[in-house]
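Asks: Sequence first, predicted coordinates after that:
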Amino acid sequence: MTLLKNIWKKFINVSLRIKFIGLFIFGILFLGIFMLLSISSSYIGEISHDTKLMSRVIGKQTAKESADFILNRNFNRLNSLLKNEILNDNDILYIFVENNSGKIIASAFQKGFFIFGYIKKQSEYNNNAPQHLSSVKLTSSVYGKIWNTSAPILNGKLGIVRVGLSLNRAKRTPLLLIKYITIITIFAAFLIIGLSSAITWWLITPLVKLSDATEEVKRGNYDVNVNIARDDEIGKLSKAFNEMALSLKEAEQERIKNENLRKNFISGVINAQEEERKNISRDLHDSVGQFLSSVKIKLRMLDDVNELGKIKDKIHQIRGDLMEGLSLIHDIAKNLRPSILDEMGLVNAINLYIADAVENNPNIKIDFYHINLENYRLDKHIEINIYRIVQEALLNVVRHAFASSVTIILDKVCEGKIRGIIEDDGVGFECFEGNKDYLGINSMKERAKLLGGELTIESEKDLGTVVKFSIPLAGYLENTNDNSSIS
């Protein structure tokens, strides 16, 4: 069993070319051996049957011709008859005539055939059979298998003719046949080797090309192309491979593009963070710092005021400055993260941001429609990112679009997604994906991608801009029907 397993392992590890050739050779050899065995078996049976009939015919014919010689007691002619039979057929080992008393009165046998002991043995056997009946029996001897035939002369009245016919003819003919078939099989084997080599080359060469191309793809070379001009299964496989390589190339290009986009986004985020720090520092220095300096000066001036009315005026001024400073600090904090988003949710935060935007830009009309979101709160991670997408889109409109109207739609669809559309009637622009100059746009796309969604921008010059995004909720949705803080 172990030997068979080892042979099988070696067989499956050799190349397909050797496997095909080996299978062809094995097939032709198996077919040749099967033909040899089947033809030999069939032919030997036929020859044996024909030899049996021949033995019977020779016995009957000799018995018929011997009758006159025995009646005339011409034993010399009888012996000549028997010898002629031996000379005419080399397969006759012996032929003799017995009288009714069992005495041999004439005989002939092949040279080298030890006749007497064998004849005596066969005579004893044949004497047990009725003298008027002919019989044929196959026996084995040192000379091989022999058909022993006894034929009565004048119904046994004058004696019996006994003939021994060898089956050597049945052996010689199949041996010649085997020889010819073997020669033909060897010739066919060489022919099959040549044909199988050609067929194998025709079949295997495309597979070798595919294997080499697969190694190239494995090494990261997606520009390989297997050119096999065939419409069979291998041709279809090569076409599928080329399509796969093209898809992998496009996927790799997309991955590189996304990686560059991500790197640009991260770089932009870092730059934006630094810029935001500068802005916060400048706001604190220019606004809050000046406000505190002003309050400090006014408080110091109170030391020089003796009249109660003037002191009240100064206190009133300081109170106003404090209110203005608190408002300024509130604006800075709101820009960093609106607290209403945590307290009241996405819809209210966007409404408040729109109100501030309209207040600061009265020439722009902003319509906000929200569908199926009245009684639901989203995950905070989703809310802040959607809020930033809407905020960035509105900032782009205010800064660059010169639009007169903006429409914002948020819709929670039944497929478990939230879809958004921000559309303006501004001047539009030519959007080149991945451009470093479009940091805000790339930021919006990256936010949508981080949530497992997608964001697209459609814009044409003088025809406005449409920002569309779709984000899966995937377990982030939380029903807040019982939350009394949301109306």
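Replies: Sure thing, it's come through.
Asks: going forward, measure contacts and count neighbours with C-alpha atoms only.
Replies: Noted.
Asks: what's the spacing between the spatially closest residue to residue 66 that is not a sequence neighbour and residue 150?
Replies: Distance criterion CA to CA, 6 or more residues apart in numbering; nearest residue to residue 66, sequence neighbours excluded, is residue 78 at 6.3 Å. Going from residue 78 to residue 150 by CA to CA, to the nearest Å gives 17 Å.
Asks: what about the strands in the stretch 101-250 of the chain?
Replies: Along the stretch 101-250 of the chain, counting by DSSP state E, counting those that start in this stretch, strands occupy 104-109, 135-141, 144-153, 159-166.
Asks: Need these in a markdown table (columns: mean pLDDT).
Replies: A markdown table is the format used below for the strands of the stretch 101-250 of the chain (pLDDT from 0 to 100):
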| stretch | mean pLDDT |
| --- | --- |
| strand 104-109 | 86 |
| strand 135-141 | 81 |
| strand 144-153 | 86 |
| strand 159-166 | 88 |
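Asks: Residue 6: which of the ones you listed is closest?
Replies: With CA to CA as the criterion, residue 6 lies closest to strand 144-153 of the strands of the stretch 101-250 of the chain, at 44.5 Å.
Asks: Which elements pack onto the closest one?
Replies: helix 16-71, strand 135-141, strand 159-166 (3 or more CA pairs under 8 Å, 6 or more residues apart in numbering; DSSP states H and E).
Asks: domains of the chain?
Replies: Following automatic domain parsing, the chain resolves into domains at 14-175, 344-487.
Asks: Check these for me: which has the lowest mean pLDDT.
Replies: Ranked by mean pLDDT, these bottom out at domain 14-175, which scores a mean of 76.
Asks: quick one: the residue most central in space within the chain from residue 444, how far?
Replies: Centrality entry for the chain: nearest residue to the mean C-alpha point is residue 237, 10.2 Å, by CA atoms, centre = their mean. Using CA to CA, residue 237 is found at 42 Å from residue 444.
Asks: Okay, helices next: where are they in the protein?
Replies: 2-13, 16-71, 75-88, 115-126, 168-218, 233-283, 290-301, 308-336, 339-344, 346-360, 380-396, 439-450 (DSSP state H).
Asks: can you put those in a markdown table and add distance to residue 462?
Replies: A markdown table is the format used below for the helices of the chain (distance: least, CA to CA, whole Å):
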| stretch | distance to residue 462 |
| --- | --- |
| helix 2-13 | 68 |
| helix 16-71 | 65 |
| helix 75-88 | 119 |
| helix 115-126 | 125 |
| helix 168-218 | 46 |
| helix 233-283 | 27 |
| helix 290-301 | 43 |
| helix 308-336 | 31 |
| helix 339-344 | 34 |
| helix 346-360 | 23 |
| helix 380-396 | 15 |
| helix 439-450 | 19 |
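Asks: and of these, who's closest to residue 461?
Replies: Nearest of the helices of the chain to residue 461, taken as CA to CA: helix 380-396 at 14.9 Å.
Asks: quick one: buried residues of that closest one?
Replies: Burial within helix 380-396, assessed by neighbour count using 16 or more other CA atoms under 10 Å, is assigned to 382-394.
Asks: was I right about residue 460 contacting residue 426?
Replies: No. Counting by CA atoms under 8 Å, residue 460 does not reach residue 426; the two are 9.8 Å apart.
Asks: Have a look at those two and say which one is more surrounded.
Replies: Shown here are residue 460 and residue 426; by other CA atoms under 10 Å, residue 426 has more neighbours (22 against 14).
Asks: just to revisit the earlier point, which one of residue 78 and residue 150 is surrounded by more residues?
Replies: residue 150 (31 against 23).
Asks: The nearest residue to that one once chain neighbours are set aside pairs with what?
Replies: The shortest distance from residue 150 to any non-neighbouring residue, by CA to CA, 6+ apart, is to residue 162 (4.5 Å). Taking DSSP bridges as the rule, residue 162 bridges to residue 96, residue 150.
Asks: Identify the residues contacting residue 162.
Replies: For residue 162, the contact set (CA atoms under 8 Å, 6 or more residues apart in numbering) comprises 59, 94, 95, 96, 97, 98, 148, 149, 150, 151.
Asks: Mind doing that once more with 7 Å?
Replies: 59, 95, 96, 97, 149, 150, 151 (CA atoms under 7 Å, 6 or more residues apart in numbering).
Asks: got TSV for those residues, with distance to residue 319 too?
Replies: Shown next, in TSV, are these (distance: CA to CA, whole Å):
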residue	distance to residue 319
59	153
95	155
96	158
97	161
149	150
150	153
151	155
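Asks: ok, these vs residue 362, which is closest?
Replies: residue 149 (134.2 Å).
Asks: What's the local residue count around residue 345?
Replies: Neighbour tally, residue 345, other CA under 10 Å: 23.
Asks: and the closest residue to it other than its chain neighbours, how far is that from residue 84?
Replies: In this structure, residue 345 finds its nearest non-sequential neighbour in residue 377, 6.3 Å apart by CA to CA, 6+ apart. Using CA to CA, we find residue 377 at a distance of 124 Å from residue 84.
Asks: Nothing else from me, thank you.
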